[in-house]
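Enquirer: sequence and computational prediction follow.
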Amino acid sequence: MKRIGVFICHCGVNIKGTVDVEKLTRDIAAYPGVAYIENYIFMCSEPGQKLIKETVIEHKLDGVVVAACSPTLHEMTFQDDLVEVNINRHQLEVANIREQCSWVHNDMEEATRKANLIIKTAIEKLRLNESLYPISAPLTKKVLIIGGGIAGIQAALDIADGGYEVILVEKSPSIGGHMIQLSETFPTLDCSQCIMTPKMVAINKQPNIKLYVNSEVESIEGFVGNFKVKINRKPQYVDPDKCTICDDCTDVCPVIVPSEYDEGLAWRKAIYIPFPQSIPATFTIDTENCLGFNPIACTKCRDICQPNAIDYDKKPETFEEDIGAVIVATGFDLYPVEKMAEYGYGKYPDVLNGLQFERILSATGPTEGEMHRPSDGKVPKEIVFIQCSGSRDPERHNPYCSRICCMYTLKHAKLYKHKVHDGQPYIFYIDIRSGGKRYEEFVQQAVTEEGIVYFRGKVARIYKEADKMIVSGIDTLTGKKIEIEADMVVLAQAIVPNFNAAKLINTLKLNTDENGFLIEAHPKLKPVESVQAGFYLAGTAQGPKDIPDTVSQASGAAAKVLALLSNDKIFHSPIVADVNTELCSGCGICVAACPYGARELDELAKVAIVNDVLCEGCGSCITVCPSSAAQQKNLSDEQVLNMIQIYTS
Amino acid sequence: MNLPYYPGCTLKSHAKNFEDSAIKVMKILENPLVEMDDWVCCGTVFSMTSDDLMLQLASIRNLLRAEEQNLDELVVLCSMCYNTLQRAKQFITADEENLNKVNDLMYKENIRYQGSVDVTHLLSVIKDRITFEKIKEKVVKPLTSLKIGSYYGCLLLRPKEFSIDDFEDPVIIEDLLTSLGAENITFPLRLECCGAYQTITKKDVTIRRTYEIINSARRSGCEAIITSCPLCAFNLDQRQKETGEEFIDFEKMPVFYFTELMSIALGTGWDHNWSKLHYVDPEPLLKEKKLI
């Protein structure tokens, strides 16, 4: 019989305050197999761990139960202690008598009785634990990054600089994301394109990065270290090697469509380059609008193209790549004003969203940076900015704060004031959240020196009278109703997850929260990892954030990936399913039940088998197996029944 | 099909024209309104002050009467009655305990209310059961060239749980006007509060509201506005007297119930007696447009 040591932690008063640890020690001491028992104020402290290690050697223990907090916190600590004294790490069990006992009970007698049972079940499990060793698997040292905005770009550059290969997939014809659309960035007011384009150029020049634009990830199969990805690339129909970017084709193209880059405030042709600094710098034909796919209708661009770079017959291509890890950086969209009846459903041309206003401010925008409103080109003299439009509104729109709107709205008002000196900006706000570095100083400077008028309150309705937009709202500080006859209104629309990413995220089986943002493995301590091994998160796909935070998170994700790739192999927990081939009838129910594709039938032997590396030890196959042939390592039926017996006897 | 109809007190007095015209047009539309027996006051504003049980009683007693008379719904014309009865209905269907408590309070009634009666506004009946296409077919005198603004006020739309249409951007009255051949005009303040019962205690508030709402309609090109609420009609029509005294630049504008205009368009005509219940006489406008 195993010689088992039991160590009961007081956790200060966290456990001791509710559980009578002395009585518990006396009671458990008499339990069969317990060779040694001790209680101590903090088992996780250095002296606590030393106590365990010395006792194991001195009393020749084979296994240890630590009765303390949740195993998610210190299981690893105590396992490492056992390994140090040459005992297999799977000879340790943690009995959770804090979260599952002392914290949730008041009655000391009852809590002590329950702690007693919890410890005994841990002893019963430990009694039959096998010694196990990690399963190793090879590791492909190549990374897939989905999304070519600032998050994807930053992560790609960091990983490529670390010497590993990167595959960067972007859905649109150019990388750059939303950041390349911005005019200036808060709080320093440096030009967004000026700080963004060097990074975009670096992507093009970095030999470790393979860029797929106009492309989408179709599927990812496999497991951490060993994924296979399928990428679909739509043709651009213009051969980048032949194209000289002479621009003759756009002159003759008869089709005009709203420009995505200018957020619908300007037009582009069906053959186009998204913006001057596009990477890659190639023209693309937009198949949805081009007439050339019916050659009888139009071949104007092909006819005029001197280097013969245009080929309408190009077909979509599918690529397969082996990769070891994935960074998901699919970014955001703005909450559609079309969903907001109170702000006019998007039917008023002079009610813009934040990104549209960025385009108006931008030197490369439709007005070349001059302040004109879309409807009639007039210079707006009174302009209203509305914060939290669609944010912090759990009843009708989104419950969360979009985090960046306080700052960018203020930036908008400031830049407007710099362009229209006699203009009057008004801002409706709920709270001003300026938590970033130098953000509060930016706010104070604007409020005291720029003549921006702030109203604390929400706008109830916007409507049009003559050529004015009437903004009707309330100032909650004075309790007065406010009506402003504005020339233009800018809505700080809520940040929502990229509309096009939902399908992809579903395919990848990544977890999202109730608002569609990707969920990190731990909200504080694992902010860049996904719960799924091998997937990492960066940027606004995980939640609204500004540029500095996005870049930090992207670099964080890159560092995590670099750490993973610096190993020669990857290791996998040995707590997996196992098959007793004597009992298995080869019915295949487990194959259907396995969510990880780790189960298959051995056609020759007519039994089910487990692919150790794919198995996550979830136990689905064990519960469905009709003959009990499937058993979880170190959680066999016998162990489970023994544990249950503690409660029933 | 007969429609069981709950009138409420205003439709028997100040808004007699509303009732008369509604009865006329619903007959033409082959869904005649049949007044229920033994109705009492809907409870008006008292049920809106809080969710206290006592205040729901008047409304629920009406629903109980309907159940006794084997009616499975009540069609309501007055926006206030609609709102009050609908609130009471939601109050007891939301929680069985509420229904039990109300029944216990009404212990003198010999039967207990089972909660089976639905409350529907006449506009919803027109939209969903009669349909605007059918109305269009039945129009004999289209309201061509009459520029009308639809005024909703608040009681048809809020609380949003029983709004008869999109509570931020309703179109039901506009659609009705279009089917009658009128030129419907969406004016900005059509959802604004008319001042409601402030008209008794703070008359100046309603005068101000009336001034703004009517002016907003006029600036948008309306020649008249329509409503389905006797309280809105009182504030927007009768209060034009005081509004004219307060603001020298104020120009008067007729205010109709939607059924009055339906009556003209569907051929049951205009009753001169209705004009007596309007402060701003609509007849000159109707004559100018050759509608009477």
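Expert: Looks like it came in fine. The structure presented is a predicted model; accordingly, all values stated were derived computationally and were not measured.

Enquirer: can you find the residue of the stretch 1-150 of chain B that comes nearest to chain A?
Expert: Closest approach between the stretch 1-150 of chain B and chain A, counting by C-beta to the nearest C-beta: B:Gly149, at 13.0 Å. C-betas here are computed from N, CA, C, even on glycine.

Enquirer: SS state for that residue?
Expert: Secondary structure for B:Gly149, judged by DSSP: H, G, I helix; E, B strand; the rest coil, is strand.

Enquirer: surely it meets B:Ser220?
Expert: Yes: B:Gly149 is in contact with B:Ser220 according to C-beta atoms under 8 Å; the separation is 6.6 Å.

Enquirer: which neighbours do the two share?
Expert: Common neighbours of B:Gly149 and B:Ser220 (criterion: C-beta atoms under 8 Å, 6 or more residues apart in numbering or on different chains): B:185-187.

Enquirer: settle it for me: which of B:Gly149 and B:Ser220 has more neighbours?
Expert: Between B:Gly149 and B:Ser220, counting by other C-beta atoms under 10 Å in any protein chain shown, B:Gly149 is the more crowded of the two (29 against 18).

Enquirer: what does the pLDDT read for the more buried one?
Expert: With respect to pLDDT, B:Gly149 scores 95.

Enquirer: measure it to B:Ile213 for me?
Expert: Distance of B:Gly149 to B:Ile213, computed by C-beta to C-beta, to the nearest Å: 9 Å.

Enquirer: so what sits against both of these two?
Expert: In contact with both B:Gly149 and B:Ile213: B:Ile225, using C-beta under 8 Å, 6+ apart.

Enquirer: show the pLDDT at B:Asp51.
Expert: 60.

Enquirer: next: B:Tyr197.
Expert: At B:Tyr197, pLDDT is 88.

Enquirer: that one: neighbour count?
Expert: B:Tyr197: 14 neighbours (other C-beta under 10 Å).

Enquirer: and what of A:Lys339?
Expert: Counted with other C-beta under 10 Å, A:Lys339 comes out at 13.

Enquirer: domains of the chain?
Expert: Because you didn't say which chain, this covers chain A. For chain A, the domain assignment from automatic domain parsing gives the residue ranges A:4-127, A:142-234+A:316-331+A:498-565, A:248-304, A:334-495, A:576-632.

Enquirer: to clarify, I was referring to chain B.
Expert: B:3-122, B:130-288.

Enquirer: sorry, back to before: out of the shared contacts of B:Gly149 and B:Ser220, who's the most crowded?
Expert: B:Phe187 (24 neighbours).

Enquirer: which residue packs closest to that residue, ignoring adjacent ones?
Expert: B:Ser220 (3.9 Å; C-beta to C-beta, 6 or more residues apart in numbering or on different chains).

Enquirer: wait, what's in contact with the one you found?
Expert: Counted by C-beta under 8 Å, 6+ apart, B:Ser220 has contacts A:465, B:149, B:185-188.

Enquirer: ok, the residue of the stretch 451-600 of chain A at minimum distance from chain B - how many residues close by?
Expert: Closest to chain B within the stretch 451-600 of chain A is A:Tyr463: 3.7 Å, counting by C-beta to the nearest C-beta. When neighbours are defined as other C-beta under 10 Å, A:Tyr463 has 21 of them.

Enquirer: distance check, A:Cys388 against chain B.
Expert: 17 Å (C-beta to the nearest C-beta, to the nearest Å).

Enquirer: so what's that residue up against?
Expert: If you count contacts by C-beta under 8 Å, 6+ apart, A:Cys388 has them with A:401-402, A:405, A:429-430, A:458, A:492, A:494.

Enquirer: please enumerate the strands of the stretch 401-550 of chain A.
Expert: For the stretch 401-550 of chain A, the strands defined by DSSP state E, counting those that start in this stretch cover A:424-429, A:453-456, A:459-465, A:468-475, A:480-486, A:488-493, A:495-497, A:520-522, A:526-530, A:535-537.

Enquirer: could you dump these into JSON lines with mean pLDDT and distance to A:Asn86 added?
Expert: JSON lines is the format used below for these (pLDDT from 0 to 100; distance: least, C-beta to C-beta, whole Å):
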{"stretch": "strand A:424-429", "mean pLDDT": "97", "distance to A:Asn86": "63"}
{"stretch": "strand A:453-456", "mean pLDDT": "95", "distance to A:Asn86": "66"}
{"stretch": "strand A:459-465", "mean pLDDT": "92", "distance to A:Asn86": "70"}
{"stretch": "strand A:468-475", "mean pLDDT": "95", "distance to A:Asn86": "72"}
{"stretch": "strand A:480-486", "mean pLDDT": "94", "distance to A:Asn86": "75"}
{"stretch": "strand A:488-493", "mean pLDDT": "97", "distance to A:Asn86": "61"}
{"stretch": "strand A:495-497", "mean pLDDT": "97", "distance to A:Asn86": "50"}
{"stretch": "strand A:520-522", "mean pLDDT": "92", "distance to A:Asn86": "32"}
{"stretch": "strand A:526-530", "mean pLDDT": "95", "distance to A:Asn86": "31"}
{"stretch": "strand A:535-537", "mean pLDDT": "97", "distance to A:Asn86": "35"}
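
Enquirer: can I get those strands in JSON lines with distance to A:Leu601?
Expert: Shown next, in JSON lines, are those (distance: least, C-beta to C-beta, whole Å):
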{"stretch": "strand A:424-429", "distance to A:Leu601": "62"}
{"stretch": "strand A:453-456", "distance to A:Leu601": "66"}
{"stretch": "strand A:459-465", "distance to A:Leu601": "63"}
{"stretch": "strand A:468-475", "distance to A:Leu601": "66"}
{"stretch": "strand A:480-486", "distance to A:Leu601": "69"}
{"stretch": "strand A:488-493", "distance to A:Leu601": "52"}
{"stretch": "strand A:495-497", "distance to A:Leu601": "39"}
{"stretch": "strand A:520-522", "distance to A:Leu601": "33"}
{"stretch": "strand A:526-530", "distance to A:Leu601": "31"}
{"stretch": "strand A:535-537", "distance to A:Leu601": "29"}
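
Enquirer: list the contacts of B:Asn62.
Expert: By C-beta under 8 Å, 6+ apart, the contact list for B:Asn62 reads B:6, B:39-40, B:42, B:74, B:85.

Enquirer: hmm, 7 Å instead?
Expert: The contact partners of B:Asn62, by C-beta atoms under 7 Å, 6 or more residues apart in numbering or on different chains, come to B:6, B:39-40, B:42, B:85.

Enquirer: which of the residues you listed count as buried?
Expert: Neighbour counting with 16 or more other C-beta atoms under 10 Å in any protein chain shown marks B:6, B:39, B:42, B:85 as buried within the contacts of B:Asn62.

Enquirer: can you report phi and psi for the first one?
Expert: The phi and psi values for B:Tyr6, taken as degrees, to the nearest 10, are phi -110, psi 120.

Enquirer: show me where the stretch 1-150 of chain B has helices.
Expert: B:16-28, B:46-49, B:53-68, B:79-94, B:96-105, B:122-125, B:132-138 (DSSP state H, counting those that start in this stretch).

Enquirer: out of those, which comes closest to B:Pro254?
Expert: helix B:16-28 (12.3 Å; C-beta to C-beta).

Enquirer: helices or strands up against that closest one?
Expert: strand B:33-35, strand B:255-257, helix B:258-266, helix B:272-276 (3 or more C-beta pairs under 7 Å, 6 or more residues apart in numbering or on different chains; DSSP states H and E).

Enquirer: mean pLDDT lowest for which of the helices of the stretch 1-150 of chain B?
Expert: Looking at these, the bottom one is helix B:46-49 with a mean of 62.
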